[in-house]
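Chemist: Fold the following, please.
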Amino acid sequence: MKVGIIGASGYTGQELVRILANHPKVEITVATSERFAGSAIDEIFPSLKGVIDLRLSKLSVQQVVRESDIIFTALPHGESMEVVAACMKGGKRVVDLSADFRLKNKDLYERWYGTHTCPDLLSEAIYGLPEIYRAEVKKAQLVANPGCYPTGAILALAPLVEAAMVAPLGIVVDAKSGVSGAGRNPSMTNLFCEVAEGLKAYAVAQHRHAPEMEQELSARAGEHIHILFVPHLIPINRGILSTCYVRVVGETSTEQAYAVYQGRYEDEPFIRLCPSGTFPSTAAVRGSNYCDLGVLADDRSGQLIVITAIDNLIKGASGQAVQNMNIMCGFPETMGLEQIPLAP
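Modeler: Okay, here's the model as predicted:
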């Protein structure tokens, strides 16, 4: 399978190259970068030295369509939509890692991101969370790869919502992300001296991943789910820890909640439940496509606490994109994604 990567010089592009270089069923035939066009990819990412002999090129949609069977687009929000549309017009299947096709409602997208120039594709795009939309992903021409924060939060909350175990109001998602979540372009907020030895909340109750969480959880619930989402930046390179608080309907014990997750995720290759009473760590999933999950019922407050840990660049981005590609192409879902998490 010939693969094209549009936007290969960011962190998610790098991880796509790293994962796909070892995938036994694909060959990366073209990778684009406007900033580093003409450079060998191992000059930009020395970790890939000796792994892949590939030179980055400026974007030519015609070239990418001509040289690829399936295309990954890893462009900034707002820049993907017309490129994706052109790739699809060329008859190619696309996995888009931007937010341009995640939200189904054009007005909602434009409230959070700006003008959408290809709204006709919003209804066609399949939200690429395999644990929920596996059957739809298999047949899709366009998969909208989920955001990193929504991946951790939706995997934490979907089983409870589906089982009608939680109230639709009062759900809190408190999430903490490593600095790579801000992307590779330098800015004042992600300089080492600005981040090291500190912890801060940002976009409090205003982050644009909140409507993505609400859209998907509301679809599972059959009613509107409201999320209070507070993200934090922490001084690590990668990883997201999401701590979710929900009010239960009736009485629910830790054992009952744990059984719900066991039943929902027992056949999912990338969901690992922590033993009852223990909770996940970002260090235990680093560099892997796993989502680790722990749950506790707090009798005193009448709330359930659900905690997930993912690598924001893998299960939160590029690994999940490859997982979607595997499903679309009929490959084993875990192919190329068997990486054991890096030891601390």
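
Chemist: For the residue of the chain most remote from its centre, grab phi and psi.
Modeler: No residue in the chain sits farther from the centre than residue 300, which is 33.8 Å out by C-alpha atoms, centre = their mean. Main-chain dihedrals, residue 300, degrees, to the nearest 10: phi -70, psi -40.

Chemist: in the stretch 1-150 of the chain, which spans are strands?
Modeler: Here the stretch 1-150 of the chain has its strands, by DSSP state E, counting those that start in this stretch, at 2-6, 27-32, 70-73, 93-96, 126-127, 142-144.

Chemist: and the ones you listed as CSV, adding distance to residue 282 and mean neighbour count?
Modeler: C-beta coordinates here come from the backbone N, C-alpha and C atoms, glycine included. Listed next are these as CSV, based on distance: least, C-beta to C-beta, whole Å; neighbours: other C-beta atoms under 10 Å:
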stretch, distance to residue 282, mean neighbour count
strand 2-6, 26, 24
strand 27-32, 28, 21
strand 70-73, 25, 25
strand 93-96, 24, 25
strand 126-127, 24, 22
strand 142-144, 25, 26
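
Chemist: could I get these as TSV with distance to residue 338 and mean pLDDT?
Modeler: Listed next are these as TSV, based on distance: least, C-beta to C-beta, whole Å; pLDDT from 0 to 100:
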stretch	distance to residue 338	mean pLDDT
strand 2-6	18	98
strand 27-32	19	97
strand 70-73	20	98
strand 93-96	19	98
strand 126-127	25	98
strand 142-144	21	98
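
Chemist: And the ones you listed: which comes nearest residue 289?
Modeler: strand 93-96 (14.4 Å; C-beta to C-beta).

Chemist: Direction included, what does the closest one pair up with?
Modeler: Using DSSP bridges, strand 93-96 pairs in its sheet with strand 70-73 (parallel), strand 142-144 (parallel).

Chemist: Which residue ranges of the chain form helices?
Modeler: Taking DSSP state H, the helices of the chain run over residues 11-20, 41-44, 61-67, 81-89, 106-112, 130-139, 148-162, 192-195, 210-221, 254-265, 319-329.

Chemist: weakest of those by average pLDDT?
Modeler: With a mean of 83, helix 192-195 has the lowest mean pLDDT of the helices of the chain.

Chemist: same for it, what does it pack against?
Modeler: On a contact count with 3 or more C-beta pairs under 8 Å, 6 or more residues apart in numbering; DSSP states H and E, helix 192-195 meets no helix or strand.

Chemist: Save the helices of the chain as TSV, and put in distance to residue 236 and mean neighbour count too.
Modeler: Formatted as TSV, the helices of the chain follow (distance: least, C-beta to C-beta, whole Å; neighbours: other C-beta under 10 Å):
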stretch	distance to residue 236	mean neighbour count
helix 11-20	14	24
helix 41-44	23	18
helix 61-67	34	16
helix 81-89	32	19
helix 106-112	27	15
helix 130-139	25	16
helix 148-162	14	25
helix 192-195	9	12
helix 210-221	22	21
helix 254-265	26	16
helix 319-329	18	25
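
Chemist: okay, the ones you listed in a markdown table with distance to residue 275 next?
Modeler: A markdown table is the format used below for the helices of the chain (distance: least, C-beta to C-beta, whole Å):
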| stretch | distance to residue 275 |
| --- | --- |
| helix 11-20 | 29 |
| helix 41-44 | 41 |
| helix 61-67 | 46 |
| helix 81-89 | 42 |
| helix 106-112 | 38 |
| helix 130-139 | 21 |
| helix 148-162 | 17 |
| helix 192-195 | 33 |
| helix 210-221 | 26 |
| helix 254-265 | 9 |
| helix 319-329 | 24 |
